[in-house]
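1. heads up, no residue letters with this:
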Ligand SMILES: O=P(O)(O)OC[C@H]1O[C@H](O)[C@H](O)[C@@H](O)[C@@H]1O
């Protein structure tokens, strides 16, 4: 690996790979060379700092890092999440070919299918009105109470699939800040609302606290006996759900081999299924399955997640770029960057290798973003002219869902393409000055103002294009990013599937609660924490 990385660094210098603009000028076939496809999904990475030498070395890197072998081990149910002694099988949840997937000598597919059937039956009942609230009214609103992976996936996907909504309205409460649930409940009537308590562990303090507030909302309005009609739960901890008092016919399970940030395909997808219906939900699973099959079968040079992971690794480790921007040109994908933050940073924000040694180089970059065109009018300035190079990942559908607003969709496409072109081409000082002079500026003004109007160019971007954001296309896009994170994690030589880094803060918060409540002294805490507690206690009304 180290030798190949060194060769990559040398080849960047010796082949001038980062001069993307010149590469386009000298090779009209560049787009054809550096694009890959899966059905209608096109990945254009020609605007990255790559050439045949770089791509060849990246393929060698995939081989040396054993990516294909580890991929096969994941799909086969090996316990690759060794720090938690767990298999990693979110792919089994969307295994539409239904081939057996073995964990500890047992095929998990019958259980997967049984939960999917139970979810479908429940959703059909709620959507048709056969399953009603305690007063006999139809459920019009569903509130998912969850956080992290039990919120971001369903919230992101439900918003993305808005054109397919024909079920109850969906709301998402995640934050322990009482403002979140209070503002949500204000809009709702208990007798027509169903709450889904979604928590893999069923111990997460934010979720349990919000669930109790929701329970009080229902019992205050309709009486304690109504609670059962207005709650469902999704969890791996069925004993804890029973203790909370949710009827077992309304509990949808999943398994410890589904990571929270990979759980949208499981019963955690219940709010999405309620909104778009079981058939569209299955199409969503099928899209992910198509990508899984592609990941397992396509040769590296045409394998989208392999390429995306290899280029991501190249950007981070070889070129040293610290972040990447996720920029969907799709308003309904506005939560996709937030979703990817958990997927990517919780998976690959690690400092210890699988051999339990400190990593030698960088691991996961900061992933961030907002939908275009909004970002253009906010932070793109830094992407174009700032001192860090930030690889951008654009995504755009050829078609929107508003035929009467086709002109707006064309404007959206033009903006998306213009950004990647501008990032790559930039504007030289001579061009900037000539432009100023053409507008009537004198030479001294052109000299003074010109440098401010220079764009360095050669800034990398990847663009994804697909026909339309259908359930299939969304499932495929999420799975693509999941496997990209996998490929990068293998190359970083880390375990992408645990998240010990979130634990310390949780432990300290538990210890600090009695201090903040004024029941215990802050002695023993550092002076900053003690000082902050003191300030807050004095200001407490
Ligand atoms: O689903 P839960 O068990 O409530 O967990 C919710 C979230 O909280 C944890 O702190 C983890 O960092 C996340 O990976 C997880 O998705």
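-> Perfect, I can see it now. Everything numeric in this text was worked out from a predicted model, so none of it was measured. Numbering: from 1, shown residues only.
2. tell me which parts of the protein are close to the ligand?
-> 147-150, 199-201, 204, 207, 260-261, 346, 499, 502 (Cβ under 6 Å from any ligand atom). Bear in mind the C-beta positions are built from the backbone N, C-alpha and C, glycine included.
3. mind redoing it with 8 Å?
-> Applying Cβ under 8 Å from any ligand atom, one finds that the chain approaches the ligand through 146-152, 198-204, 206-207, 235, 259-261, 263, 268, 342, 346, 499, 502-503, 506.
4. Show me which of the residues you listed are buried.
-> Among the residues of the chain next to the ligand, the ones that count as buried by 16 or more other Cβ atoms under 10 Å are 146-152, 198-200, 202, 204, 206-207, 235, 259-261, 263, 268, 342, 346, 499.
5. These in strands, which ones?
-> Using DSSP state E, the members of these that fall in strands are 198, 235.
6. Restricted to helices, list the buried ones among the residues of the chain next to the ligand.
-> 152, 206-207 (DSSP state H).
7. Save those residues as TSV, and put in pLDDT and distance to residue 431 too.
-> Shown next, in TSV, are these (pLDDT from 0 to 100; distance: Cβ to Cβ, whole Å):
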residue	pLDDT	distance to residue 431
152	98	43
206	96	52
207	97	55
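8. Closest one to the ligand out of the residues you listed, please.
-> residue 207 (5.0 Å; Cβ to the nearest ligand atom).
9. is it true that that closest one touches residue 144?
-> No. Contact criterion Cβ atoms under 8 Å: residue 207 and residue 144 do not qualify, at 10.0 Å.
10. Need the overlap of contacts for the two.
-> Common contact partners of residue 207 and residue 144 (Cβ atoms under 8 Å, 6 or more residues apart in numbering): 150, 198.
11. can you count the residues close to residue 379?
-> Using other Cβ atoms under 10 Å, residue 379 has 16 neighbouring residues.
12. quick one: it from residue 416, how far?
-> Per Cβ to Cβ, to the nearest Å, residue 379 is found 16 Å from residue 416.
13. what does residue 59 give?
-> Distance from residue 59 to residue 416, by Cβ to Cβ: 29 Å.
14. would you list every one of the helices in the stretch 201-350 of the chain?
-> Using DSSP state H, counting those that start in this stretch, the helices of the stretch 201-350 of the chain run over 205-222, 238-244, 270-276, 278-297, 304-313, 336-340, 347-348.
15. Let me see the contact set for the residue of the stretch 151-300 of the chain found nearest the ligand.
-> The nearest approach of the stretch 151-300 of the chain to the ligand comes at residue 260, 2.7 Å away (Cβ to the nearest ligand atom). By Cβ under 8 Å, 6+ apart, the residues touching residue 260 are 148-150, 200, 499.
16. right, and residue 170 touches residue 158 too?
-> Yes. Using Cβ under 8 Å, residue 170 makes contact with residue 158 at a distance of 4.8 Å.
17. Overlap in contacts, those two.
-> Residues within reach of residue 170 and of residue 158 at once, by Cβ under 8 Å, 6+ apart, are 271-272, 275.
18. Of those residues, which is the nearest to residue 127?
-> Proximity of the shared contacts of residue 170 and residue 158 to residue 127 (Cβ to Cβ) peaks at residue 275, which lies at 9.1 Å.
19. Please name the residues that touch that closest one.
-> 142, 158, 161, 164-165, 167-170.
20. Turn these into JSON lines, including pLDDT, distance to residue 194 and secondary structure.
-> As requested, the contacts of residue 275 are exported to JSON lines (pLDDT from 0 to 100; distance: Cβ to Cβ, whole Å; DSSP: H, G, I helix; E, B strand; the rest coil):
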{"residue": "142", "pLDDT": "98", "distance to residue 194": "5", "secondary structure": "strand"}
{"residue": "158", "pLDDT": "98", "distance to residue 194": "14", "secondary structure": "helix"}
{"residue": "161", "pLDDT": "98", "distance to residue 194": "19", "secondary structure": "coil"}
{"residue": "164", "pLDDT": "98", "distance to residue 194": "19", "secondary structure": "helix"}
{"residue": "165", "pLDDT": "98", "distance to residue 194": "15", "secondary structure": "coil"}
{"residue": "167", "pLDDT": "97", "distance to residue 194": "11", "secondary structure": "coil"}
{"residue": "168", "pLDDT": "98", "distance to residue 194": "7", "secondary structure": "coil"}
{"residue": "169", "pLDDT": "98", "distance to residue 194": "11", "secondary structure": "strand"}
{"residue": "170", "pLDDT": "98", "distance to residue 194": "10", "secondary structure": "strand"}
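21. Check these and tell me the two furthest apart.
-> 142 and 164 (15.1 Å).
22. what's the spacing between residue 411 and the ligand?
-> 37 Å (Cβ to the nearest ligand atom, to the nearest Å).
23. likewise residue 489?
-> In this view, residue 489 and the ligand are 15 Å apart by Cβ to the nearest ligand atom.
24. Kindly report the same for residue 449.
-> On the measure of Cβ to the nearest ligand atom, residue 449 and the ligand end up 49 Å apart.
25. now residue 349
-> Counting by Cβ to the nearest ligand atom, the gap from residue 349 to the ligand is 11 Å.
26. Kindly reformat the contacts of residue 275 as JSON lines containing distance to residue 430 and neighbour count.
-> Putting the contacts of residue 275 into JSON lines (distance: Cβ to Cβ, whole Å; neighbours: other Cβ atoms under 10 Å) gives the following:
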{"residue": "142", "distance to residue 430": "59", "neighbour count": "24"}
{"residue": "158", "distance to residue 430": "50", "neighbour count": "27"}
{"residue": "161", "distance to residue 430": "48", "neighbour count": "21"}
{"residue": "164", "distance to residue 430": "51", "neighbour count": "22"}
{"residue": "165", "distance to residue 430": "53", "neighbour count": "17"}
{"residue": "167", "distance to residue 430": "58", "neighbour count": "22"}
{"residue": "168", "distance to residue 430": "60", "neighbour count": "21"}
{"residue": "169", "distance to residue 430": "56", "neighbour count": "17"}
{"residue": "170", "distance to residue 430": "54", "neighbour count": "22"}
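27. Which residue does the stretch 301-450 of the chain have closest to the ligand?
-> residue 346 (5.7 Å).
28. which non-adjacent residue is nearest that residue?
-> Among residues not flanking residue 346 along the chain, residue 499 sits closest, at 5.0 Å (Cβ to Cβ, 6 or more residues apart in numbering).
29. so that neighbour touches residue 343, yeah?
-> No. If you go by Cβ under 8 Å, residue 499 and residue 343 don't touch, sitting 11.3 Å apart.
30. Buried residues in the worst-scoring helix or strand of the chain on mean pLDDT, which are they?
-> Of the helices and strands making up the chain, the lowest-confidence element is helix 238-244, at a mean of 89, by mean pLDDT, DSSP states H and E. For helix 238-244, burial by neighbour count (16+ other Cβ under 10 Å) applies to 241, 244.
31. wait, what's in contact with the spatially closest residue to residue 260 that is not a sequence neighbour?
-> In this structure, residue 260 finds its nearest non-sequential neighbour in residue 149, 2.9 Å apart by Cβ to Cβ, 6+ apart. Going by Cβ under 8 Å, 6+ apart, residue 149 touches 200, 259-264, 268, 342.
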